[in-house]
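J.: I would like to see how this sequence folds:
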Amino acid sequence: MGVTLRGVNLGYMGLDMSLLVNKAEHVGAPYNCPAIAYIIETPQGRILWETGLSARCPDEWLPEWKQVVDLGAVTPEACLEIRLEQLGLGPDDFRYVIQGHMHTDHAGGLRLFEDAGAEIVVHEDEYAHIMSLDEDKDFFARVDWAFLGDKKPTLVSGRSMEIADGVRLLHLPGHTPGQMALQLQLETTGTVLLTSDALYHHENYVEPTGEPQIYWDIDKWRTSLESLGQVARENDAWLFPGHDETGIQHFDGRKELKAIRFDEGHTYA
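T.: The predicted model follows:
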């Protein structure tokens with residue numbers, strides 16, 4: 001059995017496109033921003049990459065967050081618990097749940113795994129950061145991960161770690177202190193990089209590039225984007241951005257845009 005990958009669309013948030021890609025033409029332009037998870041099958045067990053929005057986020061988010069992000073289209077049917085049920089899966093069907101970072105639009109479904117056997121995986125810098133917070137701020141919602149004080153996660157240290165055959169985590173700080181990407185080696189598709197918000201959207205990457213307005217440290221974000229690009233070029237990788245249904249495929253020193261499929265029956269192998 002090799003490594004396989006399938007995408008799970010977890011609904012759409014409404015926001016100003018310039019928050020993700022700060023270009024003049026995007027100011028005031030509405031964007032249906034997808035929340036995304038991925039299911040990865042490996043010989044060592046099933047992995048869930050990120051958990052999207054909580055079905056309760058309209059009631060839990062701070063008012064200032066809801067001023068910039070429209071949650072009107074976020075329904076329980078679009079969120080993780082029901083989407084997994086539709087796929088015949090539940091919390092105990094995963095060996096690992098990996099959080100690229102812990103913002104509430106990526107970690108909102110994490111509490112589903114509080115009593116499950118899955119190992120929750122975060123970077124040590126991300127864990128230290130969230131554990132230092134005494135209030136909700138900067139799109140970190142404590143209700144998403146409060147249980148991690150008792151159920152200790154598996155912590156990734158350093159710049160990279162292989163978590164399963166053909167599955168490697170890369171530390172790419174900047175969006176948050178412990179932002180990670182996931183590098184997969186698929187037999188037919190080749191190398192895939194799940195970027196989380198180390199790369200929000202393909203326009204952060206293709207020329208002319210556009211930087212985001214939401215970040216923890218923009219200089220580190222830029223450096224991490226350069227590192228991500230180097231890994232992509234060296235491996236002819238396909239980049240899957242954190243909030244986009246269009247990826248960037250590298251090949252033979254070139255790159256092109258390529259749609260990412262999220263239809264239920266499609267698996268990348």
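J.: switch to C-alpha atoms for all contacts and neighbour counts from now on
T.: Fine.
J.: Tell me where the stretch 51-200 of the chain has helices.
T.: Counting by DSSP state H, counting those that start in this stretch, one finds helices in the stretch 51-200 of the chain at the ranges 57-60, 63-68, 80-86, 104-107, 124-131, 142-145.
J.: Quick one: mean pLDDT for the longest one?
T.: In this case it means helix 124-131. Mean pLDDT, computed over helix 124-131, is 98.
J.: Give me the contacts around that helix.
T.: Under the criterion CA atoms under 8 Å, 6 or more residues apart in numbering, residues 101-102, 140, 142, 149, 155-157, 176-179 lie in contact with helix 124-131.
J.: Could you rerun that using 7 Å?
T.: Helix 124-131 has contacts (CA atoms under 7 Å, 6 or more residues apart in numbering) with 101, 155-157, 177-178.
J.: still on that earlier bit, closest to D165 out of the helices of the stretch 51-200 of the chain?
T.: helix 124-131 (21.7 Å; CA to CA).
J.: buried set for that closest one?
T.: Judged by neighbour count using 16 or more other CA atoms under 10 Å, the buried positions of helix 124-131 are 124-127, 130.
J.: List just the nearest of those residues to L194.
T.: Among these, and counting by CA to CA, the member closest to L194 is E126, at 17.5 Å.
J.: need the helices of the stretch 51-200 of the chain in JSON lines with distance to H26, can you?
T.: Below are the helices of the stretch 51-200 of the chain laid out as JSON lines (distance: least, CA to CA, whole Å):
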{"stretch": "helix 57-60", "distance to H26": "25"}
{"stretch": "helix 63-68", "distance to H26": "15"}
{"stretch": "helix 80-86", "distance to H26": "30"}
{"stretch": "helix 104-107", "distance to H26": "21"}
{"stretch": "helix 124-131", "distance to H26": "30"}
{"stretch": "helix 142-145", "distance to H26": "31"}
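J.: just checking, which of those sits deepest inside the structure?
T.: Mean neighbours per residue, mean count of other CA atoms under 10 Å, is largest over these for helix 104-107, with a mean of 24.
J.: what is the mean pLDDT for that one?
T.: 98.
J.: list the contacts for the residue positioned nearest the centre of the chain?
T.: The residue lying closest to the centre of the chain (CA atoms, centre = their mean) is S196, at 3.2 Å. S196 makes contact with 100, 181, 241-242, according to CA under 7 Å, 6+ apart.
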